[in-house]
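Asks: sequence and predicted structure, then a few things I'm wondering about:
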Amino acid sequence: MELRIEQLTFEYASHPLFTRFDLTLGNGITWLRGENGAGKTTLLKLAGGALSPHSGKIWLDDIEIHAQPLTYRLHCYYCGGDTPQLPWLTVREVLDMHIALYAGADADKLNAELAAFHLLPTLDQPVTTLSLGQHKKMQLSLALSLPVGLLLIDEPFNGLDADAVAYLRQQLSAPERLARQCILLTSHLEPALPLAGTVQL
Amino acid sequence: MKNSYLHFRLRMARHALLQFARSLQSSLEYILLGFGTVLVGLLAVIALPGMFAATQPWPVALGLFCGQTLVASLPVWLLRKRLHPAAVVTWSRPLPIPARSKWLADAAVAGMIIGPLSGAYAVSAAIWLYQWPDWLRPVAAQAVALTAASLLLAWLLATLALAHRARPPAARKPSPHRPVPVAYVASASARRAAGRFALPYFWKQLFWLPFWRAENVVGVQQTLLLTGALASIAVWMWHPPVVPPAIWGACAALFTMLLTDRGDKAVAEQIALLRPVAAQWPLHAGRLYRLAIGFTLLPGLCVLGWFALLTLGRAAAGYSHTVATVWLCAAAIAQLAVVALRRLSVRGRVGLVIGAIVILTAIGSELWN
């Protein structure tokens, strides 16, 4: 999968963040670096479709985000934010929603990721009762199991325990994943992963 | 520093009350215009039940006294979430605030509402004392004492309601009968939604469940409004001789219009909440939102169906089929207008709802003539 950003312009309340910004990424992991407020999370949201650029185009192979929005979103998953987006649901219901949203999602694979992150006992809890680390693990379980070509992960190691960090590194470094997925992640610390490239904002 | 918590709570409550008053501004304009004299009349008699209790035997007097106390404390209970928002309760829980300061703040905040309300009671009591009716003369002192006591008790109840809200929630004991999950299996409805029946599933998860869970009261509110509308229509058609049927017609119009208006408002707020989240999902969000907006008509449709069944579904016995048909058509148009005219200003929307209630009440008053 190739992520191509062309002539992207975006600003927050007259504070320009990206002006005619270009970026092309292929399969493998790209580390997005920059100080607080540089626009790392915003770029992930723009690439994930959660924000709309003022101008410019974003392509995933030959799928343009505005021309084929549903097809585009079907091929990407944005894993970010530390607060539950649907606070009235239980963990199981949030997972069910994603199984229903992403055609071809494999519930067995998701179950394996949840087991690896020790999240299975929390399935029937309201999603608001999860700790920061558990919430991150739930999102990462989805990120690792959904059949998408573009993974956008904001601060993947935030709040994770040592075992979970080790497991995540192992999963993200898997050669077959690196060969089929374009992974863009932000991290303030060295991610200690096999990087295809680094982008400094 | 000593009273900083008290000042903070008072400022927050004042801000919340101003916000609430602003949200009611459009409705109040129409209500004062149409029902101003009724409100003045209500203000004049507000203290009557408590004062009248002094003339009654003690079981009736106790009932009236308790009723007045509950009515006086009700505004604080209804506004408790605005006066002490959940986020502030959670944030302030670990702070080293002495229990005395918390009680003082709750009492002061409750007093911000009970105080002006007591003023209204005082005006009403003064009117009755000035009029000096025969029944009041032998019990005037007791009547004033009872009114004052019920207001003091209402203040205490309101303070307790606010204090109860700030209490940390009790830890829920895990049920011994409920096993800890050991594996995730996608639910049948989610698997079906991944195939063909996506929109009804997403509607349930995103527009039904949130209205019944956590602190959201929309589900209960809509159930009460629907029950009120159905019951009003049933009593209207039964037309017991005690109350004029037109009153039940007015209640039916009020409940029916509020049912759709409040439901549509809740769905609009939920759509605004979901928009940024759903923007990243591979989902036809527009279709889902249209479905949710369309579904807000269903409760109103049930009410109209119930009315049609009770009027047009049987031979007319003293009421007019023509008036029933006109009422049904007018109600259906009003329901559609509430849902379809989404770009209407707040003032315009309030005007539409109140106008529809008045028109339906006027048409309905002819049903039994």
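Replies: Happy to help now that I have it.

Asks: how about the residues of chain A near chain B?
Replies: A:45, A:48-52, A:70-71, A:73-74, A:78, A:85-89, A:92-93, A:95-97, A:99-103, A:105, A:107, A:110-111, A:114-115, A:120-121, A:123-124, A:126, A:128 (C-beta under 8 Å from any C-beta of the partner chain). C-beta coordinates here come from the backbone N, C-alpha and C atoms, glycine included.

Asks: among the residues you listed, the buried ones, what's the PyMOL command?
Replies: For the buried members of these, the matching PyMOL selection, counting by 16 or more other C-beta atoms under 10 Å in any protein chain shown, is:
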select buried, chain A and resi 45+48+49+50+51+73+74+78+86+88+89+92+93+95+96+97+99+100+101+102+105+107+110+111+114+120+123+126
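
Asks: now do the same contact list for B:I127.
Replies: Going by C-beta atoms under 8 Å, 6 or more residues apart in numbering or on different chains, B:I127 touches B:A44.

Asks: among the helices and strands of chain B, which has the poorest mean pLDDT?
Replies: helix B:188-195 (a mean of 82; mean pLDDT, DSSP states H and E).

Asks: that one near chain A anywhere?
Replies: Yes. Applying C-beta under 8 Å from any C-beta, one finds helix B:188-195 touching chain A at B:S189, B:A190, B:R191, B:A193, B:A194.

Asks: so after that helix, what's the next helix or strand?
Replies: Next along the chain after helix B:188-195, taking DSSP states H and E as the criterion, comes helix B:198-203.

Asks: packing partners of the least confident helix or strand of chain B?
Replies: helix A:91-101, helix B:198-203 (3 or more C-beta pairs under 8 Å, 6 or more residues apart in numbering or on different chains; DSSP states H and E).

Asks: okay, those in TSV with distance to B:E269 and mean pLDDT next?
Replies: Listed next are the helices and strands packed on helix B:188-195 as TSV, based on distance: least, C-beta to C-beta, whole Å; pLDDT from 0 to 100:
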stretch	distance to B:E269	mean pLDDT
helix A:91-101	20	93
helix B:198-203	16	91
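
Asks: how about the strands in chain A?
Replies: According to DSSP state E, chain A carries its strands in the segments A:3-12, A:15-25, A:28-33, A:55-60, A:63-64, A:76-79, A:150-154, A:182-186, A:195-200.

Asks: how about CSV for the ones you listed, with distance to B:N369 and mean pLDDT added?
Replies: As requested, the strands of chain A are arranged in CSV below (distance: least, C-beta to C-beta, whole Å; pLDDT from 0 to 100):
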stretch, distance to B:N369, mean pLDDT
strand A:3-12, 63, 92
strand A:15-25, 67, 90
strand A:28-33, 75, 93
strand A:55-60, 66, 93
strand A:63-64, 66, 93
strand A:76-79, 63, 93
strand A:150-154, 68, 94
strand A:182-186, 73, 94
strand A:195-200, 78, 90
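
Asks: buried stuff in stretch B:109-129?
Replies: For stretch B:109-129, by 16+ other C-beta under 10 Å, it's B:V109, B:A110, B:G111, B:M112, B:I113, B:I114, B:L117, B:S118, B:Y121, B:S124, B:A125, B:W128.

Asks: got the angle between the longest helix along chain A and strand A:182-186?
Replies: When chain A is parsed with DSSP state H, its longest helix is helix A:132-145. Helix A:132-145 and strand A:182-186 are oriented at 160 degrees to each other (axes from the mean of the first three to the mean of the last three C-alpha atoms, to 10 degrees).

Asks: helix A:132-145 packs against which elements?
Replies: Applying 3+ C-beta pairs under 8 Å, 6+ apart, one finds that helix A:132-145 contacts strand A:76-79, helix A:91-101, helix A:107-116, strand A:150-154, helix A:162-172.

Asks: can you put these in JSON lines and add distance to B:A47?
Replies: As requested, these are arranged in JSON lines below (distance: least, C-beta to C-beta, whole Å):
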{"stretch": "strand A:76-79", "distance to B:A47": "60"}
{"stretch": "helix A:91-101", "distance to B:A47": "51"}
{"stretch": "helix A:107-116", "distance to B:A47": "62"}
{"stretch": "strand A:150-154", "distance to B:A47": "60"}
{"stretch": "helix A:162-172", "distance to B:A47": "65"}
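
Asks: confidence score at residue 180?
Replies: With no chain named, the answer covers chain A. On the pLDDT scale, A:R180 is placed at 92.

Asks: not quite, I wanted chain B
Replies: pLDDT, B:V180: 83.
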